[in-house]
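A.B. asks: sequence? don't have it. structure:
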């Protein structure tokens, strides 16, 4: 595994961990007043914008010029992520008539973890593919020179 990929995975994990904690906290707070899917949608929207920007700057070190396009692509990735996490909540509701909040939160953590893996792959291969290719080419040329 090359260093750029390892660095990206570690940074993505840090950003993602912080965002999942924020997502769970927002969900728990919103769940006091709102139904599960609405709470999930609101928490994920806030976290997706923050997460995409943090990954753009910190994980993939993309320039300023790509912020609008990146956020738009991030929202498309968000749609798939929302379907996954909401599908998990809907499935929980089918399996358990009145699930306790703790179980809802556990289901969100597990489905978020699965969604995060998919999100990394999509961000790396689609959203930030130019930046990733440039890093890999630079790493390859350094190896050739040594």
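C.D. replies: Sure thing, it's come through. These figures come from a predicted structure and were not determined experimentally.
A.B. asks: What is the burial count for residue 85?
C.D. replies: 25 (other C-beta atoms under 10 Å). C-beta here means a position set from N, CA and C on the backbone, and glycine is covered the same way.
A.B. asks: three-state assignment of the nearest residue to it once chain neighbours are set aside?
C.D. replies: Closest residue in space to residue 85, ignoring its immediate chain neighbours: residue 111 at 4.6 Å, by C-beta to C-beta, 6 or more residues apart in numbering. Following DSSP: H, G, I helix; E, B strand; the rest coil, we place residue 111 in the helix state.
A.B. asks: show me the contacts for residue 111.
C.D. replies: Neighbour list for residue 111: 84-85, 87-89 [criterion: C-beta atoms under 8 Å, 6 or more residues apart in numbering].
A.B. asks: Make a PyMOL selection of the buried ones in those.
C.D. replies: Filtering those down to the buried ones (16 or more other C-beta atoms under 10 Å) takes a single PyMOL command:
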select buried, resi 85+88+89
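A.B. asks: Please identify which of the contacts of residue 111 is nearest to residue 104.
C.D. replies: Nearest to residue 104 among the contacts of residue 111, counting by C-beta to C-beta, is residue 89 at 6.6 Å.
A.B. asks: tell me the pLDDT at that closest one?
C.D. replies: The model reports residue 89 with a pLDDT of 90.
A.B. asks: picking that back up, dump the contacts of residue 111 to TSV, plus distance to residue 115 and secondary structure.
C.D. replies: Formatted as TSV, the contacts of residue 111 follow (distance: C-beta to C-beta, whole Å; DSSP: H, G, I helix; E, B strand; the rest coil):
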residue	distance to residue 115	secondary structure
84	5	helix
85	6	helix
87	10	helix
88	9	helix
89	12	helix
